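Colleague: this one's structure only:
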């Protein structure tokens, strides 16, 4: 009883503290781009969408209808489901392994980074994980005795999962495999009530099936074919290491140990114990193998969560066999992991902290800059003629601005990102994909940092072809320019003439992160297609410190940017001698201010340099 009471107190404390922290972070964490698009889908209610079944969009709509146009309201239904899940796990584990093990299973779910942060964002993984837990509970109860209540719970879980994500098909497949591997499972599959529950689950896929039939399997093709290379990629080996980090190493080993023991013949374990272990083992192994052949460009570390949920239910029995020191170390590492993950989201939610990571590879670009962009768009529209429309250059900009401005119908240009993320069919269905034509003045919003730098000039030329020569932009620079947006005020009619594009630049010396002295030389190249540049200023920490000599020979620039039409080629190099003696030693940000011959003034992305004491 004392053990049970202590386990319960630990769970209650962990659950309460973590839930409060998640709510606080969720209230200030900027909207992730996928969340913004799910909000947009929720404003265009439908049974299914190009990227997902309907439930995620419906939940975002429910949250904002009740709580208003706020990120916390949008995320509230997801936070609620995530807060309920540990209690469900406690309920399941208690039934089969005792109360103390039940409370510990709930604590593990709260502490494991992959599950402990669930609900912070409005993503389909939340209802999908909730559906998985319902199916786990129903399946375990059905193994003991088939009854109407368990069959109804199974039907509910299958329906929620079908309305959550295509990936839930994998959960269903793994569940059937686990049942077929157990004698008790094969017996229950002969019961008509189980098949009624399965029929309800199948019926829940009908909206998605109908959508794909109507639109040439666009959603199915994207999820199964377009986004995956389906060829062996050695980089997939990192998937296992990432999983160990997201679960924490000792807990990861305990989960693997449980799954291995579940497959041993004559293990003498109850059917439910083996059921949880087999479910988790087959699912986890399947996703490990898939990692070598599937999409590695986008986030996929969360795909394994359904398998871990099954293993967590039973893993306290494994941990209970470990030496006391290892047990405490496993719990401690899990707590540290979740603290770090929550800390990451907290850093992302504070602009001043996030800015410090502007030069890092793991900079959270999909969270950054949307509020600043919305403010700039509002200010720009005030000075533009009444009735000026908005035009976004990709779905991310359209959805994020849509949420910030309360407008789910912002037209979007065709863009590689729209196709890469499976959103192009949905935009066309909403009649929001624009060819650049217009019947009145338009403010074009371009996310320059969303395009690989080597393709950026080509992208600008593509914009010219669709909307005409680009006027001098208003540059919205966030986090030292790591997020960079360009606002173009376009007239009522498309202008003719050669392409004028935003300026391009590069520092050859010093390189990003270089250690330099109090006096140093900054050199590189800069150009502006269509008109050319007349001046280049060098900035340190946003302040002009030197006027660069511009027009130096740089023949390699024109040979690399073959389509460039700057009339100054090949004399587009610059060089300046910088005196930084007035600055304190340490990190500073080196940038440029580019002055075009058309009167444009464009700040360029900054890069960090380390100024020494001498």
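Modeller: Yep, that arrived. A quick note: this is a predicted structure, and the numbers were derived from the prediction, not measured. Numbers count the residues shown, from 1 in each chain.
Colleague: when you work out contacts or count neighbours from here on, use the C-alpha atoms and nothing else.
Modeller: Noted.
Colleague: okay, now the unreliable bits of the stretch 501-614 of the chain?
Modeller: Scanning the stretch 501-614 of the chain for pLDDT under 70 picks out the ranges 614.
Colleague: which residue ranges of it form helices?
Modeller: Under the criterion DSSP state H, counting those that start in this stretch, helices of the stretch 501-614 of the chain are mapped to 555-560.
Colleague: just checking, residue 159 touches residue 197?
Modeller: No: the criterion here is CA atoms under 8 Å, and residue 159 misses it with residue 197 at 9.3 Å.
Colleague: tell me the domain ranges of the chain?
Modeller: Listed domain ranges for the chain are 2-347, 365-499, 502-614 (source: automatic domain parsing).
Colleague: confidence-wise, which of those domains is weakest overall?
Modeller: With a mean of 88, domain 2-347 has the lowest mean pLDDT of the domains of the chain.
Colleague: to residue 355, which of the domains of the chain lies closest?
Modeller: The minimum distance between residue 355 and those falls on domain 365-499, with 4.8 Å, by CA to CA.
Colleague: what's around residue 272, how many residues?
Modeller: By the measure other CA atoms under 10 Å, the count of residues near residue 272 is 24.
Colleague: for residue 560, that is, sorry about that
Modeller: For residue 560, the count of nearby residues is 10 (other CA under 10 Å).
Colleague: what of residue 354?
Modeller: 20.
Colleague: part of a helix, is it?
Modeller: Yes: assigned with DSSP: H, G, I helix; E, B strand; the rest coil, residue 354 falls within a helix.
Colleague: got a list of what it touches?
Modeller: Residues in contact with residue 354 (CA atoms under 8 Å, 6 or more residues apart in numbering) are 347-348, 363-364, 479.
Colleague: make TSV out of these and add neighbour count.
Modeller: Shown next, in TSV, are these (neighbours: other CA atoms under 10 Å):
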residue	neighbour count
347	19
348	23
363	18
364	19
479	22
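Colleague: farthest pair in the residues you listed?
Modeller: By the measure CA to CA, 347 and 479 form the most distant pair in the contacts of residue 354, at 13.3 Å.
Colleague: what's the host helix or strand of residue 326 packed up against?
Modeller: Counting by DSSP states H and E, the element that carries residue 326 is helix 324-349. Helices and strands touching helix 324-349, by 3 or more CA pairs under 8 Å, 6 or more residues apart in numbering; DSSP states H and E, are helix 2-28, helix 99-111, helix 113-116, helix 238-247, helix 249-262, helix 351-354.
Colleague: and that helix, what's buried?
Modeller: Using 16 or more other CA atoms under 10 Å as the test for burial, helix 324-349 gives 327, 330-331, 333-339, 341-342, 345-349.
Colleague: now stretch 482-502
Modeller: For stretch 482-502, the neighbour count (16+ other CA under 10 Å) marks 482-491, 494, 498-502 as buried.
Colleague: ok, of those, which one's closest to residue 90?
Modeller: Closest approach to residue 90 among the buried residues of stretch 482-502 (CA to CA): residue 483, at 43.2 Å.
Colleague: torsion angles phi and psi at the closest one?
Modeller: Per-residue torsions, residue 483: phi -110, psi 120 (degrees, to the nearest 10).
Colleague: next, the contact list for it, please.
Modeller: Residue 483 touches 365, 368-369, 447-449, 477, counting by CA under 8 Å, 6+ apart.
Colleague: farthest pair in these?
Modeller: Among these, 368 and 448 lie farthest apart (CA to CA), at 13.6 Å.
Colleague: so between the two, which is more surrounded?
Modeller: Between residue 368 and residue 448, counting by other CA under 10 Å, residue 368 is the more crowded of the two (24 against 20).
Colleague: please name the residues that touch the more buried one.
Modeller: 30, 348, 478, 483.
Colleague: now stretch 534-549: buried residues?
Modeller: Buried residues in stretch 534-549, defined by neighbour count with 16+ other CA under 10 Å: 534-542, 545-548.
Colleague: do the same with stretch 252-263
Modeller: So stretch 252-263, judged by 16+ other CA under 10 Å, has buried residues 252, 254-259, 261-263.
Colleague: could you single out the nearest of those to residue 430?
Modeller: Nearest to residue 430 among the buried residues of stretch 252-263, counting by CA to CA, is residue 252 at 43.9 Å.
Colleague: you'd agree that closest one is up against residue 244?
Modeller: Yes: Residue 252 is within contact range of residue 244, at 5.7 Å (criterion: CA under 8 Å).
Colleague: how about the helices in the stretch 301-450 of the chain?
Modeller: Taking DSSP H, counting those that start in this stretch, the helices of the stretch 301-450 of the chain run over residues 305-319, 324-349, 351-354, 370-383, 395-405, 416-420, 424-429.
Colleague: the longest one vs helix 2-28, what angle?
Modeller: I take that to be helix 324-349. 10 degrees (axes from the mean of the first three to the mean of the last three CA atoms, to 10 degrees).
Colleague: quick one, helix 324-349 and helix 249-262 angle?
Modeller: Relative orientation of helix 324-349 versus helix 249-262 (the same axes, to 10 degrees): 120 degrees.
Colleague: please apply the same query to the fourth one.
Modeller: Taking the same axes, to 10 degrees, one finds helix 370-383 and helix 249-262 inclined to each other by 110 degrees.
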